[in-house]
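Enquirer: show me how the following folds:
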Amino acid sequence: MPPRISVVVATRNRASLLAKALAGLEAQQFPMEDFEVVVVDNGSTDDTCDRVSAHMGAVTNVRYMFEPTVGLSVARNTGCRVARGEWVAFLDDDAVPQSNWLTRIVAAFDEVSPTPACVGGPVEPIFEVTPPEWVKGILLDFLSVVDHAQRPFFIQDVLHSRKLVAANMAVQKAALDRAGGFHPWLSRVGDSLRSGEDVLLQLQLERLGLPLYYDPTIRVRHHVSAGRLTRRWLTERAYWGGVSDSLTSFLNRPPTLWWALRTLSWSLRATLQSPLLMATLLRSSADPQRVESQCMAWHRLGSVVGGFKAIALSMTSPELAQPTAAE
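Expert: As a prediction, this is how the structure comes out:
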């Protein structure tokens, strides 16, 4: 019999962290015969394959796939194609699930009414070093820290409200197929900090009229390296977050070319003509309010650049600019 749920873990050159994620999956309270783990090696050059092989020798429900085309969305889609479960859960290779993670996911799908198409929950940071005092508030969002509420709720209006993140998210396989999976324009590719593939997927599910559900008992812990706790990394992440937000909005509901160009030209002119904004972009400060405002300034600039990127990509690859979910 096929497993009830498949766990897809995309990984690239993080063998030591992947081993911790796999150990967390091995320790699940959920019956091992009822779930499978699909590890998608996205072109790793370290000992990822050997680590997974060693793990496969200890347990029977782990499968290994090699995906040479670099890109997190590509790797996740590869895992989804071979997943045999009714549901597909996504776990980052640097995340460790709570021991009842799969139990709580399946309970949400089995017991909540109306039945959700997508469920997820909190992501708690595991800091490699003690973070600076100013890493708080919206800066935690850039580190994929999620803690929306103490009670479960259905997510309404994905674009303007609290969202799930693919570090801790599960989707009905049939709904995932209808929505078209993860879009290749978005997500990490090499050193790029692009993101938003999980947000676009949720937007597409919402457009299909399918419920999304947050449950605070579905928990994972996520490693945060020392390199991500610097002003430079956070401002870069904020910039690419702006780029990603524009790409996501464009892919969700592509505007007319004329409207998009006119709007983006106005936004770019307003951005470049703002002395305060330009000063904020260049200022260096450890003051929490100033670091946050600097990140948001870079986010604003990134959103303008992302809009022009979306137009350029739609002209070179028009077939990829179409909504993936059925109207």
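
Enquirer: give me the element the residue nearest to residue 65 when sequence neighbours are not counted is part of.
Expert: Leaving aside its chain neighbours, residue 65 sits nearest to residue 40 (4.8 Å; criterion: Cβ to Cβ, 6 or more residues apart in numbering). Where you see a C-beta, it was placed from the backbone N, CA and C, and this is true even at glycine. In this assignment (DSSP states H and E), residue 40 forms part of strand 35-41.

Enquirer: then that strand to PDB, C-alphas only?
Expert: The C-alpha trace of strand 35-41 is given here as PDB (Å, rounded to 0.1, in the frame of the first residue of the first chain):
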ATOM      1  CA  PHE A  35       5.000   7.800   5.400                       C
ATOM      2  CA  GLU A  36       7.900   8.100   3.100                       C
ATOM      3  CA  VAL A  37      10.800  10.600   2.900                       C
ATOM      4  CA  VAL A  38      11.900  11.800  -0.600                       C
ATOM      5  CA  VAL A  39      15.300  13.500  -0.500                       C
ATOM      6  CA  VAL A  40      16.000  15.500  -3.700                       C
ATOM      7  CA  ASP A  41      19.700  16.200  -4.100                       C
END
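
Enquirer: before we move on, back to that, which residues touch the residue nearest to residue 65?
Expert: 8-11, 65-67, 75-76, 78-79 (Cβ atoms under 8 Å, 6 or more residues apart in numbering).

Enquirer: what about 6 Å?
Expert: Residue 40 makes contact with 10, 65, 67, 75, 78-79, according to Cβ atoms under 6 Å, 6 or more residues apart in numbering.

Enquirer: confidence score at it?
Expert: The model reports residue 40 with a pLDDT of 97.

Enquirer: who does it bridge with?
Expert: Residue 40 has these beta-bridge partners by DSSP bridges: residue 10, residue 65.

Enquirer: and it, how close does it get to residue 27?
Expert: 21 Å (Cβ to Cβ, to the nearest Å).

Enquirer: returning to what we had before: just the C-alphas of whichever helix or strand comes after the strand holding residue 40, formatted as CSV.
Expert: Scanning forward in sequence from strand 35-41 by DSSP H and E, the next helix or strand is helix 48-58. Extracted C-alpha coordinates of helix 48-58, given in CSV (Å, rounded to 0.1, in the frame of the first residue of the first chain):
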residue,chain,number,x,y,z
THR,A,48,25.1,14.3,0.6
CYS,A,49,24.6,11.1,-1.4
ASP,A,50,26.7,9.1,1.0
ARG,A,51,24.9,10.5,4.1
VAL,A,52,21.5,9.7,2.6
SER,A,53,22.7,6.2,1.6
ALA,A,54,23.8,5.6,5.2
HIS,A,55,20.4,6.7,6.5
MET,A,56,18.7,4.5,4.0
GLY,A,57,20.6,1.6,5.5
ALA,A,58,19.0,2.2,8.9
